[in-house]
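Engineer: Here is the input, now give the coordinates:
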Amino acid sequence: WTCWLVYMRCIVFCIPSGASQNSSDSGWEAKVTEFFRQRLMEKDAHTWVPSLNDVPLHYLKPNSLVKFRCLIQDMFDPEFYMGAYDTVDPSTKAKVLRCGKYKDVTECGVDLDSANMVTSERQTFYCVPIPGESPWVKEISSCVARVVPSTSYVPSRQKRSYEDDDEDDMDTQPQAQGHAHNGTTGRDGDALAQGNGDSKRQETEAPSGQKASSPPLDLNFPLPGEKGPACLVKVYADWDSFKLNDTMEVYGILSVSPALSALSDQSDTSSSLILDPAECMETAEELRVHSPPASLVPRLHLIHTQRLAHNNPLLPPAALEDSPRLPSGRDMVSVRAELLAYFTQLLLGDVLAAEYLLLHLISNVYARRDVIPLGKFTLNLSGCPATAGPAYTEQLYCALQQLVPSAYRLSMTLQNMNQLRLVPRKDYVANRLLSGALQLAANTSLYLDETQLEQGQLDPAGVRNITALGNVISWQKVDYDFNYHQMEFPSNINVLIASEGRSLLPSDCHVHLQPQVTPPNMEAYLGSALTAQSSSQLNKFRLYLTMARTLDYSISEEVTKAVEDDFVDMRKDDPQSISADDLHSLLGVARLLCLSLGQSALSTDAWSRAKHIETLRKSRSEPQGCLNGNEP
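Structural biologist: Numbers count the residues shown, from 1 in each chain. Here you go, the predicted model:
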C-alpha cells in the first residue's frame with residue numbers, strides 16, 4: 001500500500017523521468033492504468049483501498065488512491081485541461097515539465113509561452129451513491145473495506161475542514177507568489193488554478209454572511225432523504241463506453257483542492273481567482289452546479305473502474321465458479337425451501353403467494369426484442385389486510401429490504417403522486433439533469449404501496465407520474481423530460497405492487513392473498529418473524545437471490561418441441577383457454593422456477609410445475625370492490 005502511494009505521488013505531481021511531452025509517444029499513462037488494474041486483481045486487493053462510501057472525506061488524504069461505489073446520475077460536457085506544461089522556479093529560473101493529468105490544480109509558476117504545453121480533453125460524470133442501497137449492504141461493505149486512517153495523516157481536530165487537509169498536503173510542494181491561472185477551458189470545465197496561501201486564507205476568513213447568502217447546493221440524489229457523498233468523476237479515456245445510470249466502482253485520485261471551492265461562490269469577492277470571460281462560457285448558476293465546493297463534492301480522477309452487475313457485497317462482482325462462498329445446485333434447493341417457508345410466514349400462511357414472491361425477486365430483464373423487455377415479472381399482491389392499517393405493508397417492505405441490495409418504497413398517497421418528481425428533467429439554466437425517483441440502478445426493487453392511495457383528484461403532474469409508473473412496468477423504460485421533447489432510457493426495475501383490491505397499475509402477475517392465519521397483533525407477528533432470522537440465515541437468502549438472478553438459462557431443442565406439442569394439445573381441448581400471451585407467461589414462470597432451483601435449462605418437470613401453479617393462481621376468485629376488474 002505504501003508503494004502504491006509513492007508511485008501515485010510521482011504520477012500526480014510530475015511527468016515520470018524520460019517521458020516526452022506527447023504522452024502517446026512515451027506510453028507511460030497506459031502503464032499507470034495497467035499497473036493499478038493488475039494490482040487490483042490480486043486477492044482482497046480492493047479491501048486495501050479506502051472507500052468514499054464508508055470513510056469520512058476528512059480522513060482521506062488528498063491526491064491518494066480511493067474508490068467510490070456509485071451510479072452515473074449526469075454527464076457534463078467534455079472539458080479541456082493542461083495535459084503537460086512547464087513551471088519556472090522563480091529563484092533559479094529552472095524549468096520542470098509537469099503533468100496535468102489526475103489533478104485539478106496546476107503548479108505555481110506556469111510558463112504560458114512554453115512549447116511543451118499540451119492541451120488535453122477529459123469527460124466529467126456526476127456520480128451519486130447507488131440510490132436505495134439497503135442498510136445491510138452499507139454495513140457489510142463498511143466492515144469488509146474498513147480502512148484505518150494513515151498514521152502520517154490524522155486530523156488534528158474532530159471536525160477538520162477539507163481545505164485545511166489539502167493545504168497541509170500542498171505545503172509539501174513548491175509555492176510561489178503569482179497570479180492565479182485558469183488552466184481548464186470548456187463549457188463544463190473545472191478551473192485548474194494555482195493555489196497560494198494568501199488566497200486560501202482570504203477564502204476561509206471571508207465573512208460568513210457572504211457564503212450563507214447562497215442557497216445550499218442540491219446534491220441531486222434521485223431518492224428523497226438519501227445521504228452520502230456525491231462526486232465528480234473525471235474520465236480520461238473510453239468515456240463513450242459509459243452510459244447514464246451505469247453502476248460501477250471507481251478507483252481514482254482524490255482531489256479536494258480549496259481553489260475549487262473558491263470557484264463555486266461567485267459572490268465571494270475576497271477570492272483572488274479571476275477567470276477570463278472569454279474562456280468561461282458558463283452562467284453563474286451553471287458554474288455553481290458544475291463546480292461545487294470540493295469539500296462537499298470531491299473530484300475523483302479515474303484510473304480503473306469496475307462495472308457492477310450487482311451491488312451485493314457477499315458475492316464477488318464477477319462470480320467465480322470455484323469461489324467457496326457460492327452455493328451449489330443442491331444448496332440452492334435447500335435455501336429455496338427455507339426462503340419459501342420464511343415468505344409463507346410473512347404472507348400469513350399463503351404458500352402460493354410466497355412462491356410467486358420468490359419468483360418475482362429473482363426476475364431480471366435479460367434481453368429486449370424490439371421494444372419488448374424479456375424477463376420482467378411485475379407482481380401485484382392484492383388482498384393486503386386493510387384492518388391492520390399501514391403496519392402490514394410497511395413491515396413487509398422492511399422484510400424485503402433486508403434481502404435485496406437496493407430497494408425503495410413509494411407510498412402512493414395522493415400528495416406523493418401530485419408532488420413527487422418521478423421522472424428526471426433537464427434544467428437548461430444550470431445545464432444539468434434534475435434527478436427523479438425513477439432514476440434507479442438495475443435490479444432495484446421498487447415497492448409500490450397502493451394501500452395508501454385515498455380518494456381525490458390527480459392533477460396533471462400526478463397523471464404524468466402514474467403514466468411513468470405504467471411505462472416502467474409495461475416497457476421497462478423511463479421517458480426523461482427534456483422540456484421540448486422526451487428521451488427514452490431503458491430500465492431494469494423489479495416492481496412489486498401491494499394493494500387491497502386489484503391494482504390500478506398493470507402487472508405481469510396478479511396474486512390475491514389468501515391468509516391462513518389471522519394474528520391478533522399484526523405488527524408483533526411480523527416483527528417476530530423478522531427478528532427470528534439470524535444474520536447468517538439472512539446472508540444465505542441474500543446470496544441465493546443474487547445468484548439465482550445471474551444464472552444463465554437456455555432451452556434445448558428437445559424441450560422446445562415438447563412444449564410446442566403440449567401447447568397445441570391445450571389449444572385443441574379449449575382454444576379460448578390459452579393464447580400466445582398465456583404461453584409467453586408460462587414460459588416466463590417456468591424459466592424463473594428453473595433459476596430458483598439452480599437449474600440453467602428448462603426441464604419438463606419445471607414446465608409442468610409452471611402450468612400447475614398458474615392454474616391455481618387463476619382459479620382464485622376475484623375479490624369484490626377491486627379498483628380495476630379487467631386484466632391489465
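
Engineer: all helices of the stretch 51-200 of the chain, in order?
Structural biologist: For the stretch 51-200 of the chain, the helices defined by DSSP state H, counting those that start in this stretch occupy 135-144, 162-170, 197-204.

Engineer: Tell me the buried residues in the longest one?
Structural biologist: What that stands for is helix 135-144. 136, 137, 138, 140, 141 (16 or more other Cβ atoms under 10 Å). Placement of C-beta: from N, CA and C, glycine included.

Engineer: Residue 69 is in contact with the third one, correct?
Structural biologist: Which is residue 138. No - between residue 138 and residue 69 there is no contact under Cβ atoms under 8 Å: 9.5 Å.

Engineer: overlap in contacts of those two?
Structural biologist: residue 53 (Cβ atoms under 8 Å, 6 or more residues apart in numbering).

Engineer: Tell me how the chain divides into domains.
Structural biologist: Per automatic domain parsing, the structural domains of the chain span 2-307, 329-619.

Engineer: Output the below-cut-off pLDDT ranges for the chain.
Structural biologist: 1-26, 144-215, 261-281, 317-329, 387-389, 621-632 (pLDDT under 70).

Engineer: center of it - which residue?
Structural biologist: residue 130 (2.8 Å; Cα atoms, centre = their mean).

Engineer: Can you name the residues that contact that residue?
Structural biologist: Counting by Cβ under 8 Å, 6+ apart, residue 130 touches 69, 70, 71, 247, 311, 406, 441.

Engineer: Please list only the buried members of those.
Structural biologist: Counted by 16+ other Cβ under 10 Å, those give 69, 70, 71, 247, 311, 406, 441 as buried.

Engineer: mind putting those in a markdown table, distance to residue 290 included?
Structural biologist: Compiled in a markdown table, the buried ones among the contacts of residue 130 are given as follows (distance: Cβ to Cβ, whole Å):
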| residue | distance to residue 290 |
| --- | --- |
| 69 | 23 |
| 70 | 18 |
| 71 | 18 |
| 247 | 23 |
| 311 | 27 |
| 406 | 27 |
| 441 | 23 |
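
Engineer: Pick out the most distant pair among those.
Structural biologist: 70 and 406 (12.7 Å; Cβ to Cβ).

Engineer: Okay, helices next: where are they in the stretch 201-350 of the chain?
Structural biologist: Under DSSP H, counting those that start in this stretch, the stretch 201-350 of the chain gives helices at 208-212, 258-263, 284-290, 329-346.

Engineer: Can you give me the buried ones in the longest one?
Structural biologist: For helix 329-346, burial by neighbour count (16+ other Cβ under 10 Å) applies to 332, 335, 336, 339, 340, 342, 343, 344, 345, 346.

Engineer: repeat for the third one
Structural biologist: Judged by neighbour count using 16+ other Cβ under 10 Å, the buried positions of helix 284-290 are 286, 287, 288, 289, 290.

Engineer: From those residues, pick the one nearest residue 392.
Structural biologist: The closest of the buried residues of helix 284-290, once distances to residue 392 are taken by Cβ to Cβ, is residue 289, at 42.1 Å.

Engineer: ok, and the closest non-adjacent residue to that closest one?
Structural biologist: Spatial nearest neighbour of residue 289, excluding adjacent residues (Cβ to Cβ, 6 or more residues apart in numbering): residue 430 at 4.4 Å.

Engineer: Tell me if I'm right that the one you found and residue 291 touch.
Structural biologist: No - using Cβ under 8 Å, residue 430 is not in contact with residue 291, being 11.6 Å away.

Engineer: higher neighbour count, these two?
Structural biologist: Taking other Cβ atoms under 10 Å, residue 430 and residue 291 do not tie; residue 291 has more neighbours (25 against 19).

Engineer: And the more buried one, how far from residue 104?
Structural biologist: 10 Å (Cβ to Cβ, to the nearest Å).

Engineer: now residue 282
Structural biologist: For residue 282 relative to residue 104 (Cβ to Cβ), the value is 16 Å.

Engineer: Compare those two (neighbour count), which wins?
Structural biologist: With neighbours defined as other Cβ under 10 Å, residue 282 and residue 104 compare such that residue 104 has more, 26 against 19.

Engineer: Among the buried residues of helix 135-144, which one lies nearest to residue 383?
Structural biologist: Nearest member of the buried residues of helix 135-144 to residue 383, counting by Cβ to Cβ, is residue 136, at 28.8 Å.

Engineer: was I right about that closest one contacting residue 404?
Structural biologist: No - Residue 136 lies out of contact with residue 404 (Cβ under 8 Å); the separation is 9.6 Å.

Engineer: Between those two, which contacts overlap?
Structural biologist: Common neighbours of residue 136 and residue 404 (Cβ under 8 Å, 6+ apart) are residue 542.

Engineer: All the strands of the stretch 451-600 of the chain, in order from the start?
Structural biologist: Taking DSSP state E, counting those that start in this stretch, the strands of the stretch 451-600 of the chain run over residues 477-481, 486-490, 493-498, 509-512.

Engineer: Find the one among the ones you listed with the highest mean neighbour count.
Structural biologist: Ranked by mean neighbour count under mean count of other Cβ atoms under 10 Å, those are led by strand 493-498, which reaches a mean of 24.

Engineer: among the helices of the stretch 201-350 of the chain, which is nearest residue 87?
Structural biologist: Comparing the helices of the stretch 201-350 of the chain by Cβ to Cβ, helix 258-263 comes nearest, at 16.1 Å.

Engineer: Next up, the contacts around residue 477.
Structural biologist: 471, 488, 489, 490, 491.

Engineer: quick one: it from residue 468, how far?
Structural biologist: 10 Å.

Engineer: got it, and residue 346?
Structural biologist: From residue 346 across to residue 468, the span is 29 Å (Cβ to Cβ).

Engineer: burial count for residue 569?
Structural biologist: 9.

Engineer: now swap in the one 5 residues further on and tell me
Structural biologist: Using other Cβ under 10 Å as the criterion, residue 574 is surrounded by 8 other residues.

Engineer: Give me the distance between it and residue 582.
Structural biologist: 11 Å.

Engineer: Over to residue 505?
Structural biologist: 21 Å.

Engineer: Quick check on these two: which one has the bigger neighbour count.
Structural biologist: residue 505 (22 against 14).

Engineer: Which phi and psi values does residue 612 adopt?
Structural biologist: phi -70, psi -50 (degrees, to the nearest 10).

Engineer: Just the helices from the stretch 451-600 of the chain, written as ranges.
Structural biologist: 460-475, 522-531, 535-550, 557-573, 580-596.

Engineer: Those helices into a markdown table, with extra columns for distance to residue 302?
Structural biologist: Output for the helices of the stretch 451-600 of the chain, formatted as a markdown table (distance: least, Cβ to Cβ, whole Å):
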| stretch | distance to residue 302 |
| --- | --- |
| helix 460-475 | 30 |
| helix 522-531 | 40 |
| helix 535-550 | 26 |
| helix 557-573 | 45 |
| helix 580-596 | 34 |
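
Engineer: out of the ones you listed, which comes closest to residue 52?
Structural biologist: Closest among the helices of the stretch 451-600 of the chain, using Cβ to Cβ: helix 535-550, at 23.5 Å.

Engineer: For the helix or strand hosting residue 400, buried residues please.
Structural biologist: Using DSSP states H and E, residue 400 sits within helix 390-401. Buried residues in helix 390-401, counted by 16+ other Cβ under 10 Å: 391, 392, 393, 394, 395, 396, 397, 399, 400, 401.

Engineer: now swap in stretch 74-93 and tell me
Structural biologist: Neighbour-count burial for stretch 74-93 flags 74, 75, 76, 79, 81, 82, 83, 84, 85, 86, 87, 88 (criterion: 16+ other Cβ under 10 Å).

Engineer: Distance from the chain centre to that stretch, please.
Structural biologist: 32 Å (Cα atoms, centre = their mean, to the nearest Å).
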